[in-house]
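Trainee: Just a sequence and a predicted model for now, questions to come.
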Amino acid sequence: MTDKTLTSSGFYVSQEAPIHADNPIATPSSPAPDILRCAYMELVVTDLAVSRAFYVDVLDLTVTEEDENTIYLRSLEEFIHHNLVLRKGPVAAVAAFSYRVRTPEDLDRAVAFYEELGCRVERRAEGFTKGIGDSVRVEDPLGFPYEFFYETEHVERLAWRYDLYTPGALVRLDHFNQVTPDVPRAVKHYQDLGFRVTEDIQDEEGTVYAAWLRRKPTVHDTATTGGDGPRMHHVAFSTHEKHNILAICDKLGALRRSDAIERGPGRHGVSNAFYLYLRDPDGHRVEIYTQDYYTGDPDNPVVTWDVHDNQRRDWWGNPVVPSWYTEASLVLDLDGNPQPVVARTDASEMAVTIGADGFSYTRPGEELPEYKQGEYKLGHQL
Ligand SMILES: [Fe+2]
């Protein structure tokens, strides 16, 4: 970490993302499409009624449209047709990570970009999904089903409809998170696609455990988490404030659905946001997230965390539950079949932090107190 500056908060900053890919995907000569933001995720769920109860009755997302097989949901500040599609299917998985692009011509750029990489590309006039116009779907070089679109049906932005707000109101889609075995390889490819790194987690040897990448001027539109993949780690919605997240916890408790809470609430080190991780009825992970920071300047400093810093994932030092590291959703190819999952070969974050030989610190050079070491330390569990 020689080219990085240690900050008074305990992490490092640098100008260029300090990540190098040993096994890079070729950079296409065709320009990348101009991506605006993550726009929606298409989730395959096994029981539509049960999922509806979770996303509509518990999380209060707004139904734009629905039929026997599909529900189109949006957040309160959204004006495009949807931020989440729940489609009934046999295997719980992700069918699309969908991004909005700046112009219709960016769809041509997406086709040329991915065809040059030898990826499978499908283009459909009038899109693949209700409310979405012409779109392009690809199996990207990392195996993820990516979609790009510009045209979409506008619907009413309900931001002023305070009569519809509930204490845990979800106001925006914030980001995706993807599990992939080789994080530097993924980062390099997504940089070619126009993303910029805002934060990452590394160790002294330069092993990269995760990286956060943005198009819109927030900490991320997607993140790459090291692990067996391609899989989907989570999809995240924003609330206005921290208390809205606490209200969701209270509501889940009152409904005797506290087992939907997997991790949190808490304050992230990475992103500085307040967070809560839930699991939906199929096990898809949903993050509720609020109050990260502005990243839109071209010289926005890249933040690098030491993997052994026990405050990187939770600023208060609360342990990360093992399921959060190991479990994730399958992703589908363009025929709707689950993509094969490839094992990560680099060290895993769980192994180096809470595994038998792992260690973490609150202050560099000092061991964690015994009661913190034991919490999820493998071999110390009941
Ligand atoms: Fe997240």
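Mentor: Structure's in. What do you need?

Trainee: show me what contacts the residue in the stretch 51-200 of the chain that the ion sits nearest to?
Mentor: Residue of the stretch 51-200 of the chain nearest the ion, by Cβ to the ion: Asn177 (4.9 Å). Every residue, glycine included, has its C-beta placed from N, CA and C. Applying Cβ atoms under 8 Å, 6 or more residues apart in numbering to Asn177 gives the contacts 222-225, 232-236, 287.

Trainee: near the ion, which residues of the chain show up?
Mentor: Counting by Cβ under 5 Å from the ion, the chain comes close to the ion at 177, 236, 287.

Trainee: Correct me if wrong: Ala93 contacts Leu332.
Mentor: Yes - contact criterion Cβ atoms under 8 Å: Ala93 and Leu332 qualify, at 5.0 Å.

Trainee: Of all residues in the stretch 251-382 of the chain, which one is closest to the ion?
Mentor: Residue nearest to the ion within the stretch 251-382 of the chain (Cβ to the ion): Glu287, separated by 4.5 Å.

Trainee: I should have written the stretch 1-150 of the chain there, sorry.
Mentor: Closest residue of the stretch 1-150 of the chain to the ion, Cβ to the ion: Cys38 (11.2 Å).

Trainee: Quick one: classify that residue as helix, strand or coil.
Mentor: For Cys38, the assignment made with DSSP: H, G, I helix; E, B strand; the rest coil gives strand.

Trainee: Offset the numbering so it begins at 244, please.
Mentor: Renumbered: residue one is now 244, and that last one reads Cys281.

Trainee: Once you drop chain neighbours, what's closest to it?
Mentor: Once flanking residues are discounted, Cys281 sits nearest to Asp464: 4.3 Å by Cβ to Cβ, 6 or more residues apart in numbering.

Trainee: which of the contacts of Asn420 tops the neighbour count?
Mentor: Thr467 (32 neighbours; other Cβ atoms under 10 Å).

Trainee: what's near enough to touch the closest residue to that residue other than its chain neighbours?
Mentor: Nearest residue to Thr467 in three dimensions, chain neighbours excluded: Ala429, at 4.3 Å (Cβ to Cβ, 6+ apart). Contacts for Ala429 (Cβ under 8 Å, 6+ apart) come out as 385, 421, 423, 454, 467.

Trainee: So between Ala336 and Leu575, which is more surrounded?
Mentor: Ranked by neighbour count (other Cβ under 10 Å), Ala336 and Leu575 place Ala336 first, with 24 against 21.

Trainee: what sits against that one?
Mentor: 286-287, 475, 572-575, 581.

Trainee: What are the boundaries of the strands in the stretch 244-393 of the chain?
Mentor: Taking DSSP state E, counting those that start in this stretch as the test, the strands found in the stretch 244-393 of the chain are 248-249, 255-257, 278-288, 305-309, 313-317, 327-331, 336-344, 364-367, 378-382, 388-392.

Trainee: Show me the residue at the heart of the protein, geometrically.
Mentor: By Cα atoms, centre = their mean, the chain has its centre lying nearest to Asn420, at 2.1 Å.

Trainee: where's that residue, which helix or strand?
Mentor: strand 415-423 (DSSP states H and E).

Trainee: Point out where the stretch 344-493 of the chain drops to low pLDDT.
Mentor: Judged against pLDDT under 70, the stretch 344-493 of the chain has no low-scoring part.

Trainee: if you set the cut-off to 90 instead, what comes out?
Mentor: 369-370 (pLDDT under 90).

Trainee: Helices of that one, start to end?
Mentor: Using DSSP state H, counting those that start in this stretch, the helices of the stretch 344-493 of the chain run over 348-359, 426-435, 485-497.

Trainee: Tell me the helix or strand right after the last one.
Mentor: Following helix 485-497 in sequence order, the next helix or strand is strand 504-510 (DSSP H and E).

Trainee: Pull up the pairing partners for that next one, direction included.
Mentor: strand 517-522 (antiparallel) (DSSP bridges).

Trainee: Put the alpha carbons of whichever helix or strand comes after the partner strand into CSV.
Mentor: Reading on from strand 517-522 to the C-terminus, the next helix or strand found by DSSP H and E is strand 528-533. The C-alpha coordinates for strand 528-533 follow below in CSV (Å, rounded to 0.1, in the frame of the first residue of the first chain):
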residue,chain,number,x,y,z
ARG,A,528,-30.6,-10.6,-0.2
VAL,A,529,-31.9,-7.1,-0.1
GLU,A,530,-30.0,-4.2,1.5
ILE,A,531,-31.6,-1.1,2.9
TYR,A,532,-29.1,1.7,2.7
THR,A,533,-28.9,5.4,3.4
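
Trainee: Give me the residues contacting strand 528-533.
Mentor: Contacts of strand 528-533 (Cβ under 8 Å, 6+ apart): 302, 411, 413, 417-418, 420, 475-485, 487-488, 491, 505, 514, 516-523, 567, 570-572.

Trainee: now with 6 Å?
Mentor: The contact list for strand 528-533 (Cβ atoms under 6 Å, 6 or more residues apart in numbering) reads 417, 477-479, 481-482, 488, 491, 516-523.

Trainee: I'd like the next helix or strand past that strand.
Mentor: Past strand 528-533, the next helix or strand by DSSP H and E is strand 545-549.

Trainee: re the thing from before, the residue nearest to the centre of the chain bridge partners, please.
Mentor: His477.

Trainee: how close does it get to Arg366?
Mentor: Using Cβ to Cβ, to the nearest Å, we find Asn420 at a distance of 27 Å from Arg366.

Trainee: How about Glu311?
Mentor: 27 Å.

Trainee: Pick out whichever of those two has more residues nearby.
Mentor: Neighbours of Glu311 and Arg366, each counted by other Cβ under 10 Å, are more numerous for Arg366; the result is 16 against 6.

Trainee: How about the more buried one, nearest residue that isn't a chain neighbour?
Mentor: Per Cβ to Cβ, 6+ apart, closest to Arg366 is Val379, 5.0 Å.

Trainee: again with Val381
Mentor: Leaving aside its sequence neighbours, Val381 sits nearest to Tyr357 (Cβ to Cβ, 6+ apart; 4.5 Å).
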